[in-house]
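[1] Based on what follows, work out the 3D shape:
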Amino acid sequence: MTETHPNISRPPLPQFEIVLPAGMHDAIREFLFRDSSREYMGVILAGVSETERKIKLLGRRFIPVPTGDYERQSAGGLTVRGEYSQRLLRQCADEGLSQIDVHSHPFGPSPDLWFSGTDDAHEQRMAQYIYERLEGSLYASLVMNQGYSKARIWLPYPEGVTAHEISTLVLAESPFRRLDITARDSADEPSLTERDRHCFGRQVLAFGEKGQLAISQVAVGIVGAGGQGSAIVEGLARLGVRNLTVIDPDVAEISNINRVSSMTLEDGHAGLPKVEIASRTVHSIIPDAKVMAAQASVFAPASIELLKECDIIVVATDNHATRMFAQRIGAQYLIPVVSVGVNIEVGENSALVDVSGEFAIALPGATGWCLACAHVYDAERAAIELADAAEQQRWIQRGYIDGADVKAPAVSHLNGVVANLALAEIHNLLVPFKKFVRYLTYDQLHGQLMPYTIERNQTCAVCSDTGLLGLGDLEPIPNYERAIGHLSANPPLQ
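    Now for the predicted structure:
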């Protein structure tokens with residue numbers, strides 16, 4: 001057979017996950033269990049995210065098998081017509097997508113769920129066919145009963161295809177869920193460490209041990225470690241998040257002392273990278289936390305690889321381009337994006353015109369919307385920010401943007417209020433305890449909190465399933481590295 005995935009070797013294998021966008025898991029279950037007297041089947045067309053450590057299958061579209069395309073269908077099994085299977089394979093080939101077969105075992109909610117011998121034989125033949133004919137595609141399968149799910153991926157080796165268990169099903173929705181679907185004994189179930197029970201015991205009293213365990217297992221990426229970002233980093237650590245990626249190219253300056261969490265005057269004099277300050281803060285709270293501190297632009301290839309492995313991305317920068325880029329990563333790799341920003345505007349006679357902030361949580365999928373749908377960033381302004389140095393200078397001369405000597409006003413208490421409002425909703429995303437608020441603005445001058453409802457743009461070029469949604473590595477990421485070095489000179493979001 002033809003070896004089509006030379007990067008997959010054994011041992012060791014990467015970790016495998018299936019990630020479903022907002023709304024897809026519910027749609028699949030509604031279809032599969034509409035009738036408990038027979039099995040049903042559908043197919044997820046998926047993009048792929050591959051890093052050195054992890055391979056994710058990213059659900060882009062779910063296609064139910066129509067009633068007329070079953071050769072056989074009963075409570076004991078089903079067979080799909082060959083013509084229908086061929087049509088789906090051609091669609092995968094045309095779009096470069098991978099295939100995840102999904103079917104039901106319409107029995108009770110037993111944890112003993114697993115694939116049948118008939119499933120094994122059919123899937124082995126399908127995998128062999130796909131790997132011989134569809135270069136670059138992966139093949140996986142998912143089986144569900146009324147309470148549980150199990151999944152596996154088939155991989156090609158010189159001696160034939162072999163199935164490997166998929167350990168995690170990620171639902172990128174509200175509430176965000178990482179479901180451990182590994183078949184295991186109850187004695188092997190993950191649990192909190194004694195130190196976490198002690199350190200976070202007051203939270204466990206309110207939100208439960210399972211909630212604290214969910215917090216400890218999530219991986220969060222933070223883009224920007226300034227006033228907003230550093231407050232978010234510290235807040236996440238105090239919630240118990242122990243897997244953090246912090247990305248920021250800048251170093252501390254004395255003028256940052258009024259707003260960067262845990263920064264000292266010595267840090268400013270030494271020009272310590274802001275990500276190192278953030279890492280020090282986290283480790284002072286959780287000594288054994290895993291912190292990836294990347295002193296780099298978010299546009300750098302290494303930063304993109306780090307964000308691809310995150311479960312949630314928080315963007316806390318002061319320009320449009322980084323928000324646009326983070327949202328692109330979020331949509332393409334099915335990662336929820338939390339945008340946090342503040343603004344202080346001074347008018348005539350030094351009068352404060354605006355002291356405000358906002359957060360927005362963009363969930364990828366049919367029941368979500370993105371930062372583009374919500375107009376959180378201005379695409380035209382982002383394009384100006386991403387222009388090369390010569391073009392930037394022309395925009396400055398024309399008065400469209402300000403030069404590098406412009407510093408935006410900032411104050412710690414505004415950052416703190418907005419960061420903590422966002423942290424409360426991130427906590428709620430992981431451990432639901434109240435009504436979910438996805439977009440909230442804070443007007444400090446008038447003491448007002450204003451939630452907003454956003455309608456998804458069904459044809460959005462970013463988050464729709466005809467746009468970037470779930471494409472993963474299939475869609476090349478634009479090279480914006482030329483923007484590195486001048487974005488921090490731009491004024492804050494207006």
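[2] Just read off the phi/psi values of residue 351.
    phi -80, psi 140 (degrees, to the nearest 10).
[3] quick one: the closest residue to residue 41 other than its chain neighbours from residue 86, how far?
    Ranked by C-beta to C-beta, 6 or more residues apart in numbering and with sequence neighbours excluded, the top spatial neighbour of residue 41 is residue 103, at 4.1 Å. C-betas here are computed from N, CA, C, even on glycine. According to C-beta to C-beta, to the nearest Å, residue 103 and residue 86 sit 18 Å apart.
[4] So which of the two has more stuff around it?
    Each of residue 103 and residue 86 has its neighbours counted (other C-beta atoms under 10 Å); residue 103 has more, 23 against 10.
[5] Could you count how many residues lie near residue 165?
    Neighbourhood size, residue 165 [other C-beta under 10 Å]: 13.
[6] thinking it is in contact with residue 152, fair?
    Yes. Here residue 165 reaches residue 152: they are 5.3 Å apart, a contact under C-beta atoms under 8 Å.
[7] now the strands for the stretch 251-400 of the chain?
    Using DSSP state E, counting those that start in this stretch, the strands of the stretch 251-400 of the chain run over 290-294, 312-315, 337-346, 352-362.
[8] most tightly surrounded among these?
    Highest mean neighbour count among these (mean count of other C-beta atoms under 10 Å): strand 312-315, with a mean of 27.
[9] Tell me which strands that one pairs with, and in which orientation.
    strand 219-223 (parallel), strand 337-346 (parallel) (DSSP bridges).
[10] Make a markdown table from these and add mean pLDDT and distance to residue 139 to it.
    Below are the strands paired with strand 312-315 laid out as a markdown table (pLDDT from 0 to 100; distance: least, C-beta to C-beta, whole Å):
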| stretch | mean pLDDT | distance to residue 139 |
| --- | --- | --- |
| strand 219-223 | 98 | 26 |
| strand 337-346 | 96 | 30 |
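[11] Distance to residue 425 added to the ones you listed, as JSON lines?
    What follows is these, written out as JSON lines (distance: least, C-beta to C-beta, whole Å):
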{"stretch": "strand 219-223", "distance to residue 425": "13"}
{"stretch": "strand 337-346", "distance to residue 425": "8"}
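[12] re the thing from before, is the residue nearest to residue 41 within a helix or a strand, and which one?
    According to DSSP states H and E, residue 103 maps onto strand 98-104.
[13] Wait, residue 140 touches residue 153, no?
    Yes. Between residue 140 and residue 153 there is a contact at 4.2 Å, judged by C-beta under 8 Å.
[14] Identify the contacts common to those two.
    Common neighbours of residue 140 and residue 153 (criterion: C-beta atoms under 8 Å, 6 or more residues apart in numbering): 16, 57, 166.
[15] Who are the contact partners of residue 167?
    Residues in contact with residue 167 (C-beta under 8 Å, 6+ apart) are 15-17, 180-182.
[16] now residue 169
    Contact analysis of residue 169 by C-beta under 8 Å, 6+ apart lists 17-18, 20, 142, 149, 151, 178-179, 181.
[17] Just list whatever residues bridge to it.
    residue 18, residue 179.
[18] measure it to residue 17 for me?
    Look at residue 169 and residue 17: by C-beta to C-beta, they are 7 Å apart.
[19] likewise residue 292?
    For residue 292, the distance to residue 17 - C-beta to C-beta - is 18 Å.
[20] about what we covered before: most surrounded residue in the shared contacts of residue 140 and residue 153?
    Highest neighbour count within those, by other C-beta under 10 Å: residue 57, with 29 neighbours.
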